[in-house]
Every structure is written in C-alpha cells, then in structure tokens.
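**Student:** quick one: sequence plus predicted model below, questions after.
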Amino acid sequence: MPHLLHLDASARPGLAGTDEHGSLSRRLTHRFVSGWQARQPDATVTRRDVGGAPPSFIDQRWIQSAFTPPERQEPWMAAVLAESDRLIDELTAADIVVIGAPLYNFGMPAALKAWVDQVVRMGRTVDYDPSRPDDPFTPLLADRPRHAIILSSRGGAGFDPGGELAHMNHLEPGLSTVLEFIGITRIHRVAIEHQEEGGEPLAASIQAAERRIEALIDQLHAQFQASREPAVTA
C-alpha cells in the first residue's frame, strides 16, 4: 500500500476558500491527499507542517556532525542530527511525497529550504565517491520508485515552463533539482496563478489545478494498482 508524506510549507495556516486568508497551496495538498484517501481508504499518511513548525537551520555543529564518519562521531552529535534523522526517515518511508509550496520572492519558502537542508545528507540520502570524479554522487533514494507532487501557488502568472516569467521561477526547478539529486525522479507539478489579480482569472486557475489533481490521482492510483496485481502466466 503506497504511503504518503504530506508536506505543507505555506506560512498561512488555513485553506483558501474555507478559512480567512487561507493558503492556496494547502488547499491543493488537501485536495490531493483527501482524493487519494477516498480512492484508498486504508492509505497511510505522514503529515509534516514545515510552514507552521519550520525545521532548524543547519549550523556549524550540524555540519561537523553530518560530515564526521560514524566511527568517529562523538555522543553529542547524535542529538544534533536527531531532527535530520526523523525527517529523512519520514521521506524514506514515503512512496508519494506531496509538497505544498507557495512561490515566495521567486523561490521556495525559507521553511521548505530548511527541510531540504536537513534531508539532503551524505550517507543518508546521497553518497559521494571521490574516486569517480566524472560521476561522484549516488542518490540513495533511487532504491525504489517514488513520486513527488509539487503543488504550488503564485501571485502572478506566466511562471510555467515556456511562460514569459519562467526564468524567474526558482521554486519548482530548484526543488526538482534537489529531489532528483537524492533519487526521486518521478516529479509532477500543478500550480495556481493569478492570486494577486484575483477574480475570474484566479477562479479559473483554481478550477484547472483541481481538475489536474484529480486526473493525477487517477493516473497514479492506476499505476500503483497495476504494480500490485500478480503477473498472469499461461
């Protein structure tokens, strides 16, 4: 049974359309997760609200601990890396990672970047072999197929690939780079635009995004169902 990791990075705690000043990206993640559970009632979900409770920023003690070989680590280093270990364990356990991320000043929210810095870690999610200078990195989360669903919201419009502002969008491209680096290469993107403009353009963008989410749920659900069916032999 596929396990979901549900990440929200918006600083807004509620859902747009339901709560005052609610989050559009949270509305999309809620739509995906609730839609998935409706199709698979026994699905398991781990929820991590990095927007409401941001992970710690890495510091000198974290770097020293993370880059000290296990056989040379001091007792205090385990405590320093405990949060990173929890976040990595959650990510490793997931078959589908659902990430709600608003576009803040052309990139990802600081809380989400803090999560990224905690989970991209040598020996846990990526390995480095200096004896292979042409290809020294090995992604450790490529051990099985995992999907990442990036559900974003933007104040303006034209940030999608091919759009006139695509070159200014460092959210999905940056997050995709990180995920692929550690081995999560099946990445799906859905976004809402026109938040600042509002009105009919925003309403139409929300409707289009929600239709795409429903189609994506059906697509992934069918894939996982097919992978669980035993092979038929003559």
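**Tutor:** Looks like it came in fine.
**Student:** what comes up buried for stretch 168-185?
**Tutor:** Buried residues in stretch 168-185, counting neighbours by 16 or more other CB atoms under 10 Å, are found at 169, 171-172, 174-176, 178-180, 182-185. The C-beta positions use only the backbone N, C-alpha and C, and glycine is treated the same way.
**Student:** what does stretch 14-26 give?
**Tutor:** 15-16, 23-26.
**Student:** by pLDDT, rank those residues and give me the bottom one.
**Tutor:** On pLDDT alone, residue 16 ranks lowest of those, at 92.
**Student:** about what we covered before: I'd like the buried residues of stretch 168-185 laid out as a markdown table, including pLDDT.
**Tutor:** Formatted as a markdown table, the buried residues of stretch 168-185 follow (pLDDT from 0 to 100):
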| residue | pLDDT |
| --- | --- |
| 169 | 97 |
| 171 | 97 |
| 172 | 97 |
| 174 | 97 |
| 175 | 98 |
| 176 | 97 |
| 178 | 97 |
| 179 | 98 |
| 180 | 98 |
| 182 | 98 |
| 183 | 98 |
| 184 | 98 |
| 185 | 97 |
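**Student:** go ahead and flag the most central residue of the chain.
**Tutor:** Note on the chain: the residue nearest the mean C-alpha position is residue 99, at 3.6 Å, using CA atoms, centre = their mean.
**Student:** and the next helix or strand past the helix or strand hosting it?
**Tutor:** Assigned by DSSP states H and E, residue 99 falls within strand 96-102. On the C-terminal side of strand 96-102, the closest following helix or strand by DSSP H and E is helix 110-119.
**Student:** for that following helix, what is the distance to the chain centroid?
**Tutor:** 10 Å (CA atoms, centre = their mean, to the nearest Å).
**Student:** now for that helix, which elements pack on it?
**Tutor:** Helices and strands touching helix 110-119, by 3 or more CB pairs under 8 Å, 6 or more residues apart in numbering; DSSP states H and E, are helix 82-93, helix 172-182.
**Student:** present those helices as a markdown table; the columns should include distance to residue 133.
**Tutor:** Putting the helices and strands packed on helix 110-119 into a markdown table (distance: least, CB to CB, whole Å) gives the following:
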| stretch | distance to residue 133 |
| --- | --- |
| helix 82-93 | 27 |
| helix 172-182 | 17 |
